[in-house]
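Asker: Provided below for reference: sequence and predicted model.
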Amino acid sequence: MAFKRSILSDRQEAAVQKTLQNLRQQRRNRFRILACIDGSDEAFVTVRFAAQFSVQNNCDLIVLFVRPIDSGLHSGGLQVRLARQNMMDAGFDLPGVRHLKRALEVLREEGIDAESWPQEAAHQDAWGDPAGDNKVEYRSPEGRAVVLKLKTAPDVANGILDQYELGPYNLIILGEPSRWRGEFGAFFGSGVVQTVTTLAPCSVLVARQSLDRSGFFICTDGSSRSMHAVRRSAVLAQVIGQPITLFSAAVNLAGKPAADEAVANAKALLTAMQIDVADTRVAIGDAAEEIVESGSLYRVIVVTDEGRSRLQRLIRGSTATDVVRKARTSVLDVR
Amino acid sequence: MSSTASPFQLARDSLQAHEPSPGLIRFRRRGYQRFLAFMADMDLAFLWKRRWFFITMIVGFVLMAAPTPDGLTHQGQIVLVMSLMATMLFITEAIPLPTVPLLIIVGEVVLLKVDPTDVARSLMTDSVLVIMGSLMLAVAIVKQRLDKRIAWWIVRMTGTNVYWISFGITAVCGSLAAFIGEHTVAAMMLPVGVTLISLTSNEPKKVHNLAAVILFSISYGCSIAGVATPSGGARNAIIISYWKDFFYNPTDPATYRFLMDYVHWATYAFPMFLLRLPIVAALLIYTFKPEITDMSRAVSRLRTQVSMQGPMRASDWLTILIFGLTIVGWVAFSSTLGLGTVAIAGVAAFLIMGLVRWEDINGGVNWGVVLLYAAAISLGVEMKSTGAAEWVAASVFHTMEQVGVGNTLGFNSVISVLTIVVSNTMTAGAAVAVLAPIVLKTAVAAGQDPISAGFITAISSAFGYLTPAAQPAFTIIYASGYLKGSDFFKIGIRMMALSLVVLLAISVLYWPLLAP
């Protein structure tokens, strides 16, 4: 008998796949933002960014807290799981619930009063952990959704990437990590933000405390990939009402005309789309350093991801990655 | 919001949601997480933490597979090895102690091929009921919160001098611990001691020696009285059980003396408590030389606190009445009803009168200890029935004869020192459970009185005085934070020597007068 992935009949399996496809298609028609929090006060800036980006009714905002599974014998073995079960039976909050409640308050401060919307809760077993995956979905009468998700995973970064599979999402927002590893060191393990930033299939915003500033500082090198990024990020800036500054850097004086042309082309593209450009700037020097230097006064720096693998980044480097690491403001890495 | 009127649709025109990762990457990520989850449950340190368990198992199975010595049956060899393994696990505490009795039960059925019903029957004896009842009674009494009143009664009788207060505390703790579990008395009286100390001075360093005198009065009061009556400690009940199992024969009236009743035991052992009672207080004052000798300041504050509690309530009097009746029951009816029955009748009375809730007893009794002694007694019985105890006893006696300690004093000294050494390394009750079958059989082989040998083993097992962990009562007072580890050794070595001398003197001068 041939190996089968499913115990369902072919007809039933096809129906399931079609349902899944429809669900994905429905989600593709929405702008889905995944805001990740780790419980620290600084991390709630991701929720504020997400709230400010989800201004249209086709936006879904998912606040995610990933809790590592209770490790086994490292910390007292089964007793930890038993204790967790007892605490849950006794009505104690799961770790992370408090942070998600705080996220709701942050959303209210940003003008999204999700608690007044109809809600629906769901629980799913995960990794044999008594807590499992839990989510509460609030949906406004206009169709906008806010989801609080408490996810359990053996590894936080991979938990976030797994969550993407359930999406998909248009944007993942993460807080700034305490440290970044070099490309070589990252081969042997990197932090949550670095891992997700490197491996996420969608655009990633590394949020810093820059909400007191304004403007999207959109960088371009004139390539087709970069122009796509400019167009898409400019739409976001336009929709949320942020002024746009276009920027290009030339390595030396000889490259300045090309940089000027790149900025001019980008401006023409946006003008054709009836998107206003507040300013254009060109600089000479190392691209990453110039972007960091010039863009720090803006709310968000937008860079285009080169789409390089880890090995390629190690050998050839990546301007986008350098900017994400070194910037003193939030950076949107567009894919 | 003005921006919602934009001609752009974010989902269509802005950042795009790309297809999820291709299958291989997803598969790798899931695999990596499964690996992490697996590693979270794997702990190489576990093997290290449990090393003594594995060593014990290996040693045990090697010895079981070794050739059987002459004069010993294979079943006897297995029982001896099981005892050795239990001893190793008791000493190293490689696994939670209540696990050892579970393994003993499994071993008796699987290795010794004893009928499971017989094993189950051997677990629940009157001695086990005594242990269980004593622990439950202690919880019921502690729940009544009579500690401050007891302290007030003590100082009313003793006055405010430190020596007499120390003597009073030792006497009261001893009087209670003679009948119920000593560690519970220590737990009940610790707040009394700490109250007296803290009412004297708020700075522990200034009253360290005074604290040592007061707190050691509690622990030694409990310790020296724990052997006074059968219900004072598990070790006593174990020895009584062994005497009956090893020597009692219903058809032989000469063996009726091995059915030890409450009064008979107290006649032998109570003098050990009475003789050491005044010595403890004197030794404590001599060793620690308290900074303050008059505690009138603390006593006046205590008097205020007791007055604020109001008069004795009906439930307090009822507690004293039931406890008193239980002691009367032990004294008057233990030979007919059994010690255990009286103990659990007392517990039942507490429950019926609503003085304690079952949940409190359930939460306050260490049921693992009950199981531990039940299985230890069961293993001791198997040592006897397989002839293992007799074989070891003959070997030990042969050795003792060779080194010239065949007389009564020499014999008593050897088994006392042996028990002290073992009980300093493991729980007193477990030490008695392991040693007693061998000691009793050795006594027979040496022509000594098994009653006397049993008492020496039981009483000596309470001489583990050297460390805070040696006895539960010590651990409890150590937890107060007033004492240092070295304090225990300082007083413990003197108490040990003194107790040994008193025990040997009694065994030679007093017990022979009681023998038929």
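Answerer: Sure thing, it's come through.

Asker: and the average pLDDT for the longest helix belonging to chain A is what?
Answerer: In chain A, taking DSSP state H as the definition, the longest helix is helix A:10-28. Model confidence over helix A:10-28 averages 80 on the pLDDT scale.

Asker: export that helix to PDB, keeping only CA atoms.
Answerer: What follows is helix A:10-28 as a C-alpha-only set of coordinates in PDB (Å, rounded to 0.1, in the frame of the first residue of the first chain):
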ATOM      1  CA  ASP A  10      -8.800  11.700  -1.500                       C
ATOM      2  CA  ARG A  11     -12.100  13.500  -1.900                       C
ATOM      3  CA  GLN A  12     -12.200  14.500   1.700                       C
ATOM      4  CA  GLU A  13      -8.500  15.500   1.700                       C
ATOM      5  CA  ALA A  14      -9.100  17.700  -1.400                       C
ATOM      6  CA  ALA A  15     -12.000  19.400   0.400                       C
ATOM      7  CA  VAL A  16      -9.800  20.100   3.400                       C
ATOM      8  CA  GLN A  17      -7.100  21.600   1.200                       C
ATOM      9  CA  LYS A  18      -9.600  23.700  -0.600                       C
ATOM     10  CA  THR A  19     -10.900  25.100   2.700                       C
ATOM     11  CA  LEU A  20      -7.400  25.900   3.900                       C
ATOM     12  CA  GLN A  21      -6.700  27.600   0.600                       C
ATOM     13  CA  ASN A  22      -9.800  29.700   0.900                       C
ATOM     14  CA  LEU A  23      -8.900  30.600   4.400                       C
ATOM     15  CA  ARG A  24      -5.400  31.700   3.300                       C
ATOM     16  CA  GLN A  25      -6.900  33.600   0.400                       C
ATOM     17  CA  GLN A  26      -9.200  35.400   2.800                       C
ATOM     18  CA  ARG A  27      -6.300  36.300   5.000                       C
ATOM     19  CA  ARG A  28      -4.300  37.500   2.000                       C
END
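
Asker: tell me how far it lies from the chain's centre.
Answerer: In this view, helix A:10-28 has its centroid 25 Å away from the chain centroid, taken as Cα atoms, centre = their mean, to the nearest Å.

Asker: report the buried residues of it.
Answerer: Buried residues in helix A:10-28, counted by 16 or more other Cβ atoms under 10 Å in any protein chain shown: A:27, A:28. C-beta here means a position set from N, CA and C on the backbone, and glycine is covered the same way.

Asker: which strands or helices does it pack on?
Answerer: With contacts defined as 3 or more Cβ pairs under 8 Å, 6 or more residues apart in numbering or on different chains; DSSP states H and E, helix A:10-28 has no helix or strand neighbours.

Asker: can you tell me which residues contact the residue nearest to residue A:199 when sequence neighbours are not counted?
Answerer: Nearest in space to residue A:199, with sequence neighbours left out and distances taken as Cβ to Cβ, 6 or more residues apart in numbering or on different chains, is residue A:161 at 5.9 Å. With contact set as Cβ atoms under 8 Å, 6 or more residues apart in numbering or on different chains, residue A:161 has these partners: A:195, A:196, A:199, A:200, B:21, B:29.

Asker: next structured bit after the helix or strand hosting residue A:161?
Answerer: Using DSSP states H and E, residue A:161 maps to helix A:156-166. Using DSSP H and E, the helix or strand that follows helix A:156-166 in sequence is strand A:171-175.

Asker: for residue 303, what is the enclosing helix or strand?
Answerer: In the absence of a named chain, chain A is used. strand A:300-304.

Asker: wait, I meant chain B there
Answerer: For residue B:303, the enclosing helix or strand under DSSP H and E is helix B:296-309.

Asker: mind listing what's buried along that helix?
Answerer: Neighbour-count burial for helix B:296-309 flags B:298, B:299, B:302, B:306 (criterion: 16+ other Cβ under 10 Å).

Asker: want to try a markdown table for those, with distance to residue A:274 and pLDDT as columns?
Answerer: As requested, the buried residues of helix B:296-309 are exported to a markdown table (distance: Cβ to Cβ, whole Å; pLDDT from 0 to 100):
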| residue | distance to residue A:274 | pLDDT |
| --- | --- | --- |
| B:298 | 89 | 76 |
| B:299 | 93 | 79 |
| B:302 | 88 | 76 |
| B:306 | 89 | 77 |
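
Asker: just the residues you listed now: which is nearest chain A?
Answerer: residue B:306 (37.4 Å; Cβ to the nearest Cβ).

Asker: tell me who's in contact with that closest one.
Answerer: Neighbouring residues of residue B:306 by Cβ under 8 Å, 6+ apart: B:148, B:149, B:151, B:152.

Asker: and the residues you listed, which two are furthest apart?
Answerer: Maximum pairwise distance in the contacts of residue B:306, criterion Cβ to Cβ, is 7.2 Å, between B:149 and B:151.

Asker: which one's more surrounded, those two?
Answerer: Neighbours were counted for residue B:149 and for residue B:151 using other Cβ atoms under 10 Å in any protein chain shown; residue B:151 has more, 25 against 15.
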